[in-house]
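> build me a model:
(one chain, ligands or ions: 2)
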Amino acid sequence: MRRMSATRRPFLAARLLSPARRLEPGRMNMSASQSPKRASLCTQSTVTAPAASATSIPTCLSAKSCRNGTRCGSPNPNGRRRRELQSHVRRQNYFPDCTGPAISSQAKRSQFFENGPGAKHITARHGMARMARIIFLGTAAAIPTISRGLPCVCIEREGGLLVFDVGEGAQAAFAKAGLGWNRETAIFVTHLHGDHCLGLPGLIQTMSMQGRGRPLAVYGPEGTAEFVMTNLRMLRFSPPFELSVRDIGEGAIHHSNDYTVSACRADHAIPALSYLFREADRPGRFHPDRARALGVPEGPLWKELQRGRDVPGRGGTVRPGDVLGRGRPGSSVGYSGDTRPTAGLERFFAGCDHLIFDSTFAEEHSERAGSTGHSTAAGAAALARNAGVKHLILTHFSARYADDTIPLAEARRIHHSVTAAADQMSIEV
Ligand SMILES: [Zn+2]
Ligand SMILES: [Zn+2]
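Ligands and ions are numbered 1, 2, ... in the order given. The predicted model follows:
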C-alpha cells in the first residue's frame, strides 16, 4: 500500500476536519453555498444517442424546460424541430446514455416514460382514484442478479418522489425508469446493510452531475448521517444542492399538506426501520347540481366549497357538506425493509392498501429466515392477512431462487391478493 508522507498527512487531516466540513453527528446539512463550484453539465453541446441511431440532439430544448434544472438557456427550437425531437424520442424508446434532453410532456406520457422499457404495469385493484404509483427499481436481496437490482422502491406522487432504500446502482435504474434528477425528493433508508444504502453516495453524485438544484432530504436509522457524511468526506465531494441527512426513530418523520411518512422499528440483524406512507383523507365528490340548486354559481366559489370553506348562496350560507359526498380515505403504502414479521409491524401496517414486504426466503429456508432476520413469503402473507392488508407485494428475493414461482405460490395460499415485484414494474395506487 502506498503510504502518505508525513508532511502530507497533517494537511489532509486539516482539510477533513475543517469547520466547514465538520458536521453534527446525527444530522447533516450541506448547502449549495458550501460547495466549491456548482457543476453545470447542461450546455449547448450535443449528446449522441445510442448506437442504434447516430442522431444527435441538443441537451436542452429551452431555458424553462431544461431537464437538468440548470436553465442553461439553449434556444427553444421551432415547432418543426420540436416535433422531430419528440418523434426521435418515441423511436428510440429508451436513452440509456442520455444526459438530459428536455423531454416534452407528451413524450413523458409515452409508455416508456410511464413504465420504463419492458416494464410490467399494474392498475390498482381497489377502485381508488389514481393518486400515485409505486415503481420498483430493485427487488433482489443482498446480491444483484441479471434481472434484479438491489433494493430501491419509489412512490411517485404529484411530481415528487419518495424513495425507499438505495441499493448499489440505483441511479442506473432511476435513469432507466426516466424518473429525472431534479424533482422534489425524499429518501428513506431502512438500515445500513450495504444492499440498502451503498447506492446513496452514487445517487447523490449523479444528481449533482445532472445539475440538481432542489434540496434533498435523507432519513434513516442511527448512523445514516455519519454514513453519508463519511462517504462524501472520503470522496471529497460536496453536492451543489442542499442536502439534509437525519437519523430518525419511530413516529411521523416526513409531512406534506396531504400525506405523512411514519417509521416503525423492524426486527432485523441490525437496527432497522419500516416505513408507512399514508395519504390524508380526501374530500368527497363535488356535486355541481346541488351547488347550482343552492344558488352558488360556477367559478371560484365552487373551489372554496371543495376546499372545505363556507360560501354565500341564494338562501344563506352554503356549507361544504351540502354539496360534497362522503369523504374518501387516502391510500397507504407500507415498506418493510429487511425484517422478521412481528406483532408491532402487524399493528403498524394494519389496513394498509399496498404492503411491500421482505420475502427473502421460501418456506424450505424458514429457519435461515429467522436466524438472519428476514421473512419468508409465507410469513409476509400471514402478517398481511392478520393486518387486513388489501394487497401484498413480495420483494427482496434471494438469488438462490431461479424465479419467484415458489415464494409467490406459498404466499397466495395464505393471502388473497399477492404480487411478486419485478424491476421496473409500476403499480398505480
Ligand atoms: Zn437486504
Ligand atoms: Zn439487511
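
> I'd guessed residue 362 sits against residue 406; true?
Yes: using C-beta atoms under 8 Å, residue 362 is in contact with residue 406, at 4.6 Å. To be clear about C-beta, it is placed using only N, CA and C from the backbone, and glycine gets the same treatment.

> any common contacting residues for those two?
residue 377 (C-beta atoms under 8 Å, 6 or more residues apart in numbering).

> ok, the two, which is more surrounded?
residue 362 (23 against 15; other C-beta atoms under 10 Å).

> for the more buried one, give me its contacts.
376-378, 401, 406-407, 410.

> before we move on, what about residue 150?
138, 140, 142, 144, 167-170, 195-196, 198-199.

> just among the residues you listed, which is most surrounded?
Neighbour max across those (other C-beta under 10 Å) = residue 199, 30 neighbours.

> hmm, back to that, dump the contacts of residue 362 into a markdown table; add secondary structure as well.
A markdown table is the format used below for those (DSSP: H, G, I helix; E, B strand; the rest coil):
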| residue | secondary structure |
| --- | --- |
| 376 | strand |
| 377 | helix |
| 378 | helix |
| 401 | coil |
| 406 | helix |
| 407 | helix |
| 410 | helix |
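
> is residue 421 in contact with residue 393, as I believe?
Yes: look at residue 421 against residue 393 with C-beta under 8 Å: they come within range, at 5.3 Å.

> between these two, which contacts overlap?
Common neighbours of residue 421 and residue 393 (C-beta under 8 Å, 6+ apart) are residue 356.

> touching, residue 372 and residue 269? I think so.
Yes: with contact defined as C-beta under 8 Å, residue 372 counts as touching residue 269 (6.4 Å).

> what about those two, which has more around it?
A count of neighbours by other C-beta under 10 Å puts residue 372 above the other of residue 372 and residue 269, at 17 against 14.

> neighbours of the closest residue to ligand 1 within the stretch 201-350 of the chain, just the number please.
Of all residues in the stretch 201-350 of the chain, residue 338 sits closest to ligand 1, at 4.4 Å by C-beta to the ion. Neighbouring residues of residue 338 were enumerated by other C-beta under 10 Å; the total is 27.

> picking up where we left off before, pull out the buried members of the contacts of residue 362.
Using 16 or more other C-beta atoms under 10 Å as the burial test, those include 376-378, 401, 407, 410 as buried.

> just those that are near ligand 1?
Checking the buried ones among the contacts of residue 362 against ligand 1 by C-beta under 5 Å from the ion, not one of them is in range.

> okay, now the domains of the protein?
46-109, 114-281+328-428, 288-323 (automatic domain parsing).

> so for the first one, mean pLDDT?
Taken as a whole, domain 46-109 carries a mean pLDDT of 34.

> what's the answer for the last one, then?
For domain 288-323, the mean pLDDT works out to 88.

> what about stretch 182-193, near ligand 2?
Yes: Stretch 182-193 reaches ligand 2 (C-beta under 5 Å from the ion) through residue 193.

> and what of stretch 269-277?
No: counting by C-beta under 5 Å from the ion, ligand 2 has no neighbours in stretch 269-277; the shortest distance is 6.4 Å.

> stretch 337-349 now?
Yes: against ligand 2, stretch 337-349 shows contacts by C-beta under 5 Å from the ion at residue 338.

> just give the nearest non-adjacent residue to whichever residue of the stretch 151-300 of the chain sits closest to ligand 1, would you?
As assessed by C-beta to the ion, ligand 1 sits closest to residue 195 within the stretch 151-300 of the chain, at 4.3 Å. When the adjacent residues along the chain are set aside, residue 195 lies closest to residue 150, with 4.6 Å between them (C-beta to C-beta, 6 or more residues apart in numbering).

> per-residue pLDDT, the one you found?
97.

> ok, now the one 4 residues further on?
Per-residue confidence (pLDDT) for residue 154: 97.
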